[in-house]
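1. Structure, please.
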Amino acid sequence: MAAVAADSIYLTPEHELLREQVARFVGREVEPHADKWEEQGFVPRDVLRRMGSAGFFGLMYEPEYGGAGADALTNLVFAEALSQSTYAGFIITVLVHTDMASPHLHHAGSAAQKDKYLRKVIAGETVTAVAITEPGAGSDVAGIRTSARREGNEWVLNGTKMFITNGVHADLYFVAAKSGPGKREVSMFIVEKGTPGFTVGRALKKTGWLSSDTAELVFDNVRIPAANLLGEEGKGFYSVMKNFQTERIALAAMAVGHCTRALELTLDYVRQREAFGAPLWDKQTIRQRIAMLDAKTRAARQFMYHCAWRVTQGHDIVQDVSLLKALTGELVNEVVQACQQFHGGMGYIRETAIERLWRDARVLAIGGGATEVMLEEAAKRY
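-> Sure, this is the predicted structure:
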């Protein structure tokens, strides 16, 4: 039984059809196999290609490259539906590709760059990653130290990136580097796997998101053609800031999807599990707490849809999205931890769905902009 209503004034029958298509794909292609992916630490490429063939990887991209030309609400519906899987490593592998990395090519790429790469990105044949975070710089993009210097018809990149999702198995990387002396003089570059001097320093072991690969990347005198500059020289900081909004809405969708699934699992469990001669659902305190968690999830969902709708209307959404990311990153941890508590000892058994959700939810208050950073972003705009 569904824990929360999916209806919204912002959604159309086409949105609901997409939601159903994603749910069927996840039920058929993901849930039966994802335990193995958790063990191996990555999602198989053939699964990503099937998602591309199903049309899931180009929802907002131009039809001329194989995309659907849809809007931000459609993309949000996809992300939320995907995020009702209990395997967040799979989800983040996909969302980094669709909402965090490839949008840099979509927004800033030249016609030649799109013609070279975008069709295969949409088809799932080329997997993407975005390399911004460093050992000493995360949300503070102006603080990155990876450098790019121009030498004739080439750029030379030097530095280290950290916590890069899809870092091991991606084919195409969008890399932020300081290209001048100014504090915000950052440029974005396209770097292909196998470029001399570009290596995976190490694969990183994480508490959760086990079926996503996360890596340290090293750039040691990496030479790339001048044509691999993505967008305008020195304007990459603003490109990153713009794309953060897409990324943070996707992470909010992930959080809301996890809340939804956790509540569904918990409703089923407390109606069946008996204690002291009656189902847990008969305990007033449990019913009321679940209802309150449901209320918070529904409210967060509507705020999320509103933010995506404002994107379609061309509004400045930085403050709204910052608040949304802070809210949902904290809420998912509140909801999933409470649901785990209602599962009792079973909630602490490795590889149960609720334990996996609890473990995977923690990073949603950290990654893509920690709660404290998001609140500061919102507060300075009052």
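2. Which stretches in the protein count as strands?
-> For the chain, the strands defined by DSSP state E occupy 128-131, 147-151, 154-165, 172-178, 186-192, 198-203, 214-225, 229-230, 274-275, 278-279.
3. Let's have those in TSV, adding mean neighbour count and mean pLDDT.
-> (Glycine included, C-beta is placed from N, CA and C.) Shown next, in TSV, are these (neighbours: other C-beta atoms under 10 Å; pLDDT from 0 to 100):
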stretch	mean neighbour count	mean pLDDT
strand 128-131	28	97
strand 147-151	15	96
strand 154-165	21	97
strand 172-178	25	97
strand 186-192	23	97
strand 198-203	16	94
strand 214-225	19	97
strand 229-230	23	98
strand 274-275	12	83
strand 278-279	12	88
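4. Minimum distance to residue 330: which of those strands has it?
-> Nearest to residue 330 among the strands of the chain is strand 154-165 (20.5 Å), distances taken as C-beta to C-beta.
5. What number of residues are in the vicinity of residue 370?
-> 16 (other C-beta atoms under 10 Å).
6. give the contact list for the most centrally placed residue in the chain.
-> Nearest to the geometric centre of the chain sits residue 95, at 4.1 Å (C-alpha atoms, centre = their mean). Shown in contact with residue 95 (C-beta atoms under 8 Å, 6 or more residues apart in numbering): 79, 82, 250-251, 254.
7. I'd like the residues you listed laid out as TSV, including neighbour count and distance to residue 361.
-> Formatted as TSV, these follow (neighbours: other C-beta atoms under 10 Å; distance: C-beta to C-beta, whole Å):
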residue	neighbour count	distance to residue 361
79	27	16
82	26	15
250	28	15
251	28	11
254	29	9
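8. Report the two members of those residues separated by the largest distance.
-> For the contacts of residue 95, and using C-beta to C-beta, no pair is farther apart than 82 and 251, which are 12.2 Å apart.
9. ok so, going back, can I get the contacts of residue 95 in a markdown table with pLDDT?
-> Formatted as a markdown table, those follow (pLDDT from 0 to 100):
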| residue | pLDDT |
| --- | --- |
| 79 | 95 |
| 82 | 95 |
| 250 | 95 |
| 251 | 97 |
| 254 | 97 |
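10. Just confirm residue 377 contacts residue 371, I think it does.
-> No. Residue 377 is beyond contact range of residue 371, at 10.7 Å (criterion: C-beta atoms under 8 Å).
11. the more surrounded of the two?
-> Neighbour count, other C-beta under 10 Å: between residue 377 and residue 371, residue 377 has more, with 21 against 17.
12. which one is residue 178 nearest to, not counting chain neighbours?
-> residue 147 (5.2 Å; C-beta to C-beta, 6 or more residues apart in numbering).
13. For the one you found, give the beta-bridge partners.
-> residue 158, residue 178 (DSSP bridges).
14. residues in contact with it?
-> 157-159, 177-179.
15. my guess is residue 245 meets residue 311, correct?
-> Yes. Counting by C-beta under 8 Å, residue 245 sits close enough to residue 311 to count as a contact (7.4 Å).
16. shared neighbours, these two?
-> By C-beta under 8 Å, 6+ apart, residue 245 and residue 311 have these common neighbours: residue 317.
17. hang on, residue 75 packs against residue 60?
-> Yes. Under the criterion of C-beta under 8 Å, residue 75 makes contact with residue 60 at 5.1 Å.
18. Which one's more surrounded, the two?
-> Neighbour count, other C-beta under 10 Å: between residue 75 and residue 60, residue 75 has more, with 25 against 19.
19. hey, where'd the helices end up in the stretch 251-382 of the chain?
-> Under the criterion DSSP state H, counting those that start in this stretch, the stretch 251-382 of the chain contains helices at 284-312, 318-342, 353-361, 371-379.
20. can you list these in JSON lines and add distance to residue 42 and mean pLDDT?
-> Shown next, in JSON lines, are those (distance: least, C-beta to C-beta, whole Å; pLDDT from 0 to 100):
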{"stretch": "helix 284-312", "distance to residue 42": "28", "mean pLDDT": "95"}
{"stretch": "helix 318-342", "distance to residue 42": "24", "mean pLDDT": "97"}
{"stretch": "helix 353-361", "distance to residue 42": "15", "mean pLDDT": "96"}
{"stretch": "helix 371-379", "distance to residue 42": "28", "mean pLDDT": "96"}
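21. Could you provide these in TSV, with additional columns for distance to residue 223?
-> Listed next are the helices of the stretch 251-382 of the chain as TSV, based on distance: least, C-beta to C-beta, whole Å:
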stretch	distance to residue 223
helix 284-312	37
helix 318-342	36
helix 353-361	38
helix 371-379	34
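22. Relative to residue 226, which of the ones you listed is closest?
-> Smallest distance to residue 226 across the helices of the stretch 251-382 of the chain (C-beta to C-beta): 31.8 Å, for helix 318-342.
23. closest to residue 222 out of the helices of the stretch 251-382 of the chain?
-> Evaluated over those, closeness to residue 222 peaks at helix 371-379, with 29.2 Å, by C-beta to C-beta.
24. which helices and strands sit right next to the closest one?
-> The contact analysis (3 or more C-beta pairs under 8 Å, 6 or more residues apart in numbering; DSSP states H and E) places helix 371-379 against helix 318-342.
25. What is the distance between the helix it packs on and the centre of its chain?
-> Per C-alpha atoms, centre = their mean, to the nearest Å, the displacement of helix 318-342 from the mean C-alpha position of its chain is 15 Å.
26. Could you tell me which residues make contact with residue 29?
-> Counting by C-beta under 8 Å, 6+ apart, residue 29 touches 47, 50.
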